[in-house]
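**Student:** what's the 3D shape of this:
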Amino acid sequence: MLLDVCNILFNSVFVHRIKDSNDTVRMVCLNHVNEWVLFDVKRDLKVETLKYIGWACSDYCSAVRLAAINSMEELLKV
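**Tutor:** Okay, the predicted model is just below:
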């Protein structure tokens with residue numbers, strides 16, 4: 001039940017906000033997806049989740065790209 005709610009939130013809110021036109025919103029979403037993955041690494045360390053961090057590495061805003069690199073660094077420590 002809780003897993004279903006988490007998936008709905010991820011798919012309905014996060015997936016749309018990571019493509020937002022506001023740089024700050026994209027950066028906040030990226031930070032939250034990193035926290036999401038770090039919270040349950042065994043379940044969320046998969047391509048469907050990590051692709052958003054990879055996409056952010058090619059964002060036009062340098063702050064979003066930096067947040068993506070920092071996210072990858074934290075994930076590699078785990």
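**Student:** ok, residue 54 - contacts?
**Tutor:** residue 68 (C-beta atoms under 8 Å, 6 or more residues apart in numbering). Heads up, the C-betas are built off the backbone N, CA and C, glycines and all.
**Student:** same check, this time on the one 4 residues further on
**Tutor:** With contacts taken as C-beta under 8 Å, 6+ apart, residue 58 has the following neighbours: residue 65.
**Student:** just the element for residue 20, please.
**Tutor:** If you go by DSSP states H and E, residue 20 is not part of any helix or strand.
**Student:** what is the burial count for it?
**Tutor:** When counting by other C-beta atoms under 10 Å, one arrives at 13 neighbours for residue 20.
**Student:** ok, now which ones touch it?
**Tutor:** 26, 29.
**Student:** need the phi and psi values for it.
**Tutor:** phi -60, psi 150 (degrees, to the nearest 10).
**Student:** distance of it relative to residue 75?
**Tutor:** 22 Å (C-beta to C-beta, to the nearest Å).
**Student:** hmm, residue 38 is touching residue 73, no?
**Tutor:** No: taking contacts as C-beta atoms under 8 Å, residue 38 lies outside contact range of residue 73: 11.8 Å.
**Student:** between those two, point out the one with more neighbours.
**Tutor:** residue 38 (15 against 10).
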